[in-house]
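Build me a model from this:
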Amino acid sequence: MNHGPAASSDFEGSRLTVARRLRGMTKTALARQIGVTPTAIAQYEKGGRPTQATLASLCLALGLPRDFFGAGRPVTLLPAASAHFRSLRSTSATSREQALAFGELCLELVSLIDQYVDLPPVRLPDVTVPEQIETDDIEKIVGEVKTAWRVPLGPVGSVVQLLEANGIITMRLPAATDPKVDAFSTYAGARPLVFLSPRASDKARGRFDAAHELGHLVLHPDTDPGSRIVELQAHAFAAEFLMPRSEIIDQLPRRIDWPHLHELKKHWGVSLRALVYRSKTLGIMSDASYRRANQQLSQWGLPEPGPLGPAESPKLLGMARSLMIDNGIDFEAVLCSGRIVPEIAEQIIDAATAEKPRIEFGAL
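This is a model prediction of the structure:
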């Protein structure tokens, strides 16, 4: 769509698609707000050019500057069909698209930073995944991943930082994200992405979530997301990754022994509930003991007794930004070159770093 001589020649439709989804808006809602038709919005997103007045209205409605929509920096969109959402069926399409739009801008920022800082290369092991995945297959695949990443025997250290060290961008979703969007992962862009819940402050829960999403990246690169069997397979991957059968089977109690389970919780960095379930699935704890244990866990509620401390936090992008600034690189100019709004960049880095220093733009 071209509205004649007043049409904007500096406009990239894919960036409108990202901005609209980032704000949680449908084409119809955005069209209504700026006084055009949904068809017009669809045409702008496909490459049609809005008038200068319409572009100004889009900027106002979406809360983004005109430069954000400029031509020359198309954004690679992440298809929803390639993303493994933990709570796919309970989340709306709009909420999922909003989370994916945030992921798209994350990849844009990572691509910019990667031009100045040598980020860890992607080292996602290329493993053979059978069509019908059995328990033995998962144990073998987990072993191959740990060998490739040189993970020693015993408890895994920081799962989040292990992912980052192997090129997987890991961060927490923004706090304003729909609470039903729990965690998700995708490898449809230049790098694999893992997003964790901003509300999961429990260390054991966060470690298991990160390992679960790693399971999707390894086991399900071409598998349709959302099915119960796919989620169970990722769950089994996380359990084997954090509590290897060969190492933990002789440590798990046959009867309920809470003091011993608390010791195992601290040692392996997992929840009591995960330990009880692992004991059941490995055939150690009886059905009756398992039911009684879960009744007690339900009475205790969340958080479980015996906290492990603060949740693991990513730090890769925050460290990369600090390194750029320390080496005299004008971070604001880098953002400008990539048409990334500083406020959005700050939100991304906050989501992807444990330490959150303020950027002093213009002080270099």
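
which residue packs closest to Cys201, ignoring adjacent ones?
One thing to correct before we go on: residue 201 is Ser, not Cys. Take Ser201 and drop its neighbours on the chain: the residue closest to it by C-beta to C-beta, 6 or more residues apart in numbering is Ala311, 5.4 Å away. Bear in mind the C-beta positions are built from the backbone N, C-alpha and C, glycine included.

how far does stretch 173-180 stretch from start to finish?
End-to-end distance of stretch 173-180: 12 Å, with C-alpha to C-alpha, to the nearest Å as the criterion.

starting at the chain centroid, how far to that stretch?
When C-alpha coordinates are averaged (C-alpha atoms, centre = their mean, to the nearest Å), stretch 173-180 and its chain have centres 12 Å apart.

now do stretch 270-284
From the chain centre to the centre of stretch 270-284 is a distance of 26 Å (C-alpha atoms, centre = their mean).

Tell me where this protein has strands.
Shown for the chain, the strands assigned by DSSP state E span residues 84-85, 169-172, 184-186, 193-196.

I'd like to know how far the closest residue to Gly24 other than its chain neighbours sits from Pro174.
Nearest residue to Gly24, sequence neighbours excluded (C-beta to C-beta, 6+ apart): Gln98, at 4.6 Å. Relative to Pro174, Gln98 is positioned 9 Å away (C-beta to C-beta, to the nearest Å).

Quick check on the two: which one has the bigger neighbour count.
A side-by-side neighbour count of Gln98 and Pro174, using other C-beta atoms under 10 Å, places Gln98 first with 24 against 16.

what residues are up against Pro120?
With contact set as C-beta atoms under 8 Å, 6 or more residues apart in numbering, Pro120 has these partners: 164-167, 316.

Which of the residues you listed sits closest to Ile284?
Of all these, Ile284 sits closest to Asn166, with 31.8 Å by C-beta to C-beta.

Read off the pLDDT value for the closest one.
Listed pLDDT for Asn166 reads 97.

which residues sit in contact with it?
120, 122-124, 149.

The residue nearest to Gly24 is in contact with Arg20, isn't it?
No: using C-beta atoms under 8 Å, Gln98 is not in contact with Arg20; the gap is 9.7 Å.

So, low pLDDT: which residues of the chain?
Across the chain, the ranges flagged by pLDDT under 70 are 1-9, 87-90, 200, 354-364.

which helix is the longest one in it?
Counting by DSSP state H, the longest helix found in the chain is helix 93-113.

Let me know how buried the spatially closest residue to Ala210 that is not a sequence neighbour is, in neighbour terms.
Nearest residue to Ala210 in three dimensions, chain neighbours excluded: Val159, at 4.3 Å (C-beta to C-beta, 6+ apart). Around Val159 there are 25 other residues, counting by other C-beta under 10 Å.

do the same with Leu64
21.

got a list of what the closest residue to Leu252 other than its chain neighbours touches?
Of all residues not flanking Leu252 in the chain, Ser279 sits nearest, at 4.3 Å (C-beta to C-beta, 6+ apart). With contact set as C-beta under 8 Å, 6+ apart, Ser279 has these partners: 252-253, 285, 290.

can you rerun that using 10 Å?
Taking C-beta atoms under 10 Å, 6 or more residues apart in numbering, we find Ser279 in contact with 243, 248-249, 251-254, 256, 261, 264, 285-286, 289-290, 293.

Of the residues you listed - the most surrounded one?
Counting neighbours by other C-beta under 10 Å, Met243 comes out on top of the contacts of Ser279 with 26 neighbours.

I figured Arg205 hits Ala238, correct?
No: the criterion here is C-beta atoms under 10 Å, and Arg205 misses it with Ala238 at 11.1 Å.

Between the two, which contacts overlap?
With C-beta under 10 Å, 6+ apart as the test, Arg205 and Ala238 both reach 270, 274.

The residue nearest to Ser201 and Lys180, how far apart?
Taking C-beta to C-beta, one finds Ala311 at 20 Å from Lys180.

more crowded one of the two?
The residue with more neighbours, out of Ala311 and Lys180, is Ala311; 20 against 15, by other C-beta under 10 Å.

Kindly provide the distance from that one to Pro198.
Distance from Ala311 to Pro198, counting by C-beta to C-beta: 10 Å.

anything in contact with each of the two?
In contact with both Ala311 and Pro198: Arg172, using C-beta under 10 Å, 6+ apart.

any chance you could map the helices in the stretch 51-200 of the chain?
52-62, 93-113, 135-148, 159-165 (DSSP state H, counting those that start in this stretch).

To Glu45, which of those lies closest?
Of all the helices of the stretch 51-200 of the chain, helix 52-62 sits nearest to Glu45, with 10.8 Å by C-beta to C-beta.

what comes into contact with the closest one?
1, 3, 6-11, 16, 18-20, 22-23, 25, 29-36, 40-41, 44, 49-51, 64-69.

Report the buried residues of that helix.
54-55, 57-59, 61-62 (16 or more other C-beta atoms under 10 Å).

just stretch 187-198 next, same as before
187-189, 191-198.

wait, which of those is closest to Pro74?
Nearest to Pro74 among those, with distances taken as C-beta to C-beta, is Gly189, at 12.9 Å.

I figured the closest one was touching Gly103, is that so?
Yes: under the criterion of C-beta under 10 Å, Gly189 is in contact with Gly103, at a separation of 7.5 Å.

what touches both of the two?
Contacts common to Gly189 and Gly103, judged by C-beta under 10 Å, 6+ apart, are 77-78, 169.

Most neighbours of all those, which one?
Top of those by neighbour count (other C-beta under 10 Å): Ile169, with 26 neighbours.
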